[in-house]
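S.K.: what follows is a predicted structure for the sequence shown.
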Amino acid sequence: MSRHDVRGLSLWRGQGQELLAPGLDHRKADRAATLGQPQARTLVGVSNAAVGSSRLRMDHALRGRKAPSFADDVRTSLWDVPKWLPSKYFYDERGSELFERICTLPEYYLTSTEAQILRGAASEIVAEASMGEDLVLVELGSGSSRKTQTLIAALLAAQGRLLYVPIDISPTILHQAAERLLAAYPTLRIVGKAMEHEQGLAALSLEQQGPKLVLFLGSSLGNYEPADSERFLREIRRHLGPQDHLLLGADLCHDPAVLEAAYDDPTGVTALFNKNLLERINRELGGRFSTESFDHLAFFSPEKVRVEMHLRSRIDQQVPIEAIGEVVRFSAGETIHTENCYKYTREQLTTLAEVCGFAQVTSWSDPPDRFSVQLLRPRGASLR
Ligand code: AVJ
């Protein structure tokens, strides 16, 4: 498997269900998840006026015995040649916060561009996808759900009520988003799933009937290696019925200078986001990284058509990691490859959708053609 690989479903055994009181400490869940401990399964009678009694349910991933822990993954990737770290570990509580800040940077045009496309297209998307029946809105990698609010509002306007199923690896951000949305929309119900995409999808197809609109936005697809992105889209397709739709947002390939600035902002927020991986190793695995001795690197590779992020050691150094019981050695200039963000041409996106069993219903992009949003339906499925 390639380095930024898709974690197999088989690694997971099941999920815990939790009814959470607003304000309950999700940091514990974040920590437990990363320490590889089974989640505490608490059933809490919900009792907050802002949230109501039955509009929120949270499901947490239970770690199967065979699932690699953060320590396992660090042991594999930091002792590999060349060194790397899986990008999914960016998103602990601090990393999710930093990512939200990235989304507000003018250089990181992806978020604002996609949000603008969604505002313009919301009613059309709802009309196309709903087919007269109440839609369930599902989102893979929902984060703060801010961009999604446009679609939530449009769906509520059309059908009066809505079930929203956000799936995100960070329980803290999931819970914050849910509280905000439930307070804003009294007829909204939320089932949050604090787990990886694949597991969330699998859980979902078991429990939801009725037409679904699945969102996979923000160019999250770009974190998958090409073969894995195909595999993952096929996986989504497998979980969709003939009435369901997928809304896919992806960054397009364009001016390298603009692409690079998006991943190397002058205020250094992306550098902090990148270095948070090392800090997370310090916090959770007893690492002794000094982040000042690493530089943030981001560059566009025209051969691979991707932006790569790395952390480059400024000096020869040895860094102990307590939980692993080993010392990782760096020579000056050596890098840790932390992320790939693939960029696509429109033709590639069309072909990708087709080979994965989708037909394009509509596609949108911004005038300079930096970002694409496609509404897809399972191919071969009868329309109405
Ligand atoms: C969340 C994967 C879409 O690739 O643009 C942002 C992550 N990394 N800045 C992206 C990211 C550095 C982002 N995705």
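M.R.: Yep, that arrived. Just so it is clear, the model here is predicted, and its values are computed rather than measured. Numbering: from 1, shown residues only.
S.K.: near the ligand, which residues of the stretch 151-300 of the chain are found?
M.R.: 218-220, 222-223, 263, 270, 273 (Cβ under 6 Å from any ligand atom). C-beta coordinates here come from the backbone N, C-alpha and C atoms, glycine included.
S.K.: JSON lines please, covering the residues you listed and showing neighbour count and secondary structure.
M.R.: Converted to JSON lines, those look like this (neighbours: other Cβ atoms under 10 Å; DSSP: H, G, I helix; E, B strand; the rest coil):
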{"residue": "218", "neighbour count": "24", "secondary structure": "coil"}
{"residue": "219", "neighbour count": "21", "secondary structure": "coil"}
{"residue": "220", "neighbour count": "19", "secondary structure": "helix"}
{"residue": "222", "neighbour count": "19", "secondary structure": "helix"}
{"residue": "223", "neighbour count": "21", "secondary structure": "helix"}
{"residue": "263", "neighbour count": "23", "secondary structure": "coil"}
{"residue": "270", "neighbour count": "24", "secondary structure": "helix"}
{"residue": "273", "neighbour count": "25", "secondary structure": "helix"}
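S.K.: the stretch 151-300 of the chain: helices as residue ranges?
M.R.: Taking DSSP state H, counting those that start in this stretch, the helices of the stretch 151-300 of the chain run over residues 171-184, 197-207, 226-238, 256-262, 269-285.
S.K.: stretch 132-151: which residues count as buried?
M.R.: 135-151 (16 or more other Cβ atoms under 10 Å).
S.K.: in strands, which of these fall?
M.R.: 136-140 (DSSP state E).
S.K.: among these, which are within reach of the ligand?
M.R.: Among these, none lies close to the ligand by the criterion of Cβ under 6 Å from any ligand atom.
S.K.: tell me the one among the residues you listed nearest to residue 322.
M.R.: residue 140 (34.2 Å; Cβ to Cβ).
S.K.: residues contacting the closest one?
M.R.: Shown in contact with residue 140 (Cβ atoms under 8 Å, 6 or more residues apart in numbering): 167, 197, 200-201, 214-216, 220, 236.
S.K.: cutoff 7 Å now
M.R.: Neighbouring residues of residue 140 by Cβ atoms under 7 Å, 6 or more residues apart in numbering: 167, 197, 200, 214-216.
S.K.: kindly report the same for residue 221.
M.R.: Going by Cβ under 7 Å, 6+ apart, residue 221 touches 229, 248, 250.
S.K.: spell out the secondary structure type for whatever residue of the stretch 51-200 of the chain ends up closest to the ligand.
M.R.: The ligand sits closest to residue 102 of the stretch 51-200 of the chain, with a gap of 5.0 Å, by Cβ to the nearest ligand atom. Per DSSP: H, G, I helix; E, B strand; the rest coil, the local secondary structure of residue 102 is helix.
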